[in-house]
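Asker: Give me a model of this one.
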Amino acid sequence: MNDNKAATPRLKIYMAGFEVFRPDAVETGIRMKRLCDEYGFEGIFPLDKDIKPQPTKHETATAIFEGNVRLVNRADIVIANLNPFRGSEPDSGTVFECGLAYGLGKKLYGFVTDRRTMEERLHPDIDPATGLHKDGMTVENFDLPINLMLSVPVTIVEGTLEDALKRLREDLNPSVS
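Answerer: Numbering: from 1, shown residues only. Purely as a prediction, here's the structure:
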């Protein structure tokens, strides 16, 4: 009897997040992909594409956009770093990639280091008399850590990429945990 079965392809995970802006982005991506490998997944990092500078900045931006869309399309699952980036909300590019993945019917996971509700996190900047944020607008209050358009479709884990990978592995193999 021949036990040489074809290997089951590993699920591919696109790791969305602002790590691409780090000075050590390439090394960070390598570490993140190794972590995916440790959990039995194939990691895809946004820099996993060969984009050459184009004649204009806009053409370069378009090439990067199209490359990232191709990478999201290749993935089975997206895990996103939904921590605040340059403000109190997640990186807008990461948010777009989550929306794209949702539209494509992919599973979505995200991680945050602070799972308190938006109202709790923004409380110091909310006027107790009016209930308005310092920007003059209301704060979404559905007991969710980030905007409902992400909190509802994304399985959000408090912690790091590794915590999100652990949760994904548990969800895929509930009897193993």
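Asker: In which helix or strand does the residue nearest to I51 when sequence neighbours are not counted reside?
Answerer: Nearest residue to I51, sequence neighbours excluded (CB to CB, 6 or more residues apart in numbering): A63, at 4.9 Å. (Each C-beta comes from the backbone N, C-alpha and C, glycine too.) Per DSSP states H and E: A63 is located in helix 57-74.
Asker: Check which element follows that helix along the chain.
Answerer: From helix 57-74, the next helix or strand downstream (DSSP H and E) is strand 77-81.
Asker: which other helices and strands contact that next one?
Answerer: strand 12-16, helix 92-103, strand 107-112, helix 161-172 (3 or more CB pairs under 8 Å, 6 or more residues apart in numbering; DSSP states H and E).
Asker: and the second one, average pLDDT?
Answerer: Translated: helix 92-103. Throughout helix 92-103, pLDDT has a mean value of 98.
Asker: Low-confidence stretches in this structure?
Answerer: Scanning the chain for pLDDT under 70 picks out 1-7, 176-177.
Asker: and the residue most central in space within it, what are its bridge partners?
Answerer: With distances taken as CA atoms, centre = their mean, A80 lies nearest the centre of the chain, 0.8 Å away. Counting by DSSP bridges, A80 is bridged to A16, G110.
Asker: and the gap between it and D127?
Answerer: From A80 across to D127, the span is 31 Å (CB to CB, to the nearest Å).
Asker: Does A16 touch I77 like I think?
Answerer: No. When contacts are counted by CB atoms under 8 Å, A16 is not listed as touching I77 (10.7 Å).
Asker: For these two, work out which one has more neighbours and name it.
Answerer: A16 (31 against 19; other CB atoms under 10 Å).
Asker: got a list of what the more buried one touches?
Answerer: 46, 72, 78-81, 93-94, 97-98, 101 (CB atoms under 8 Å, 6 or more residues apart in numbering).
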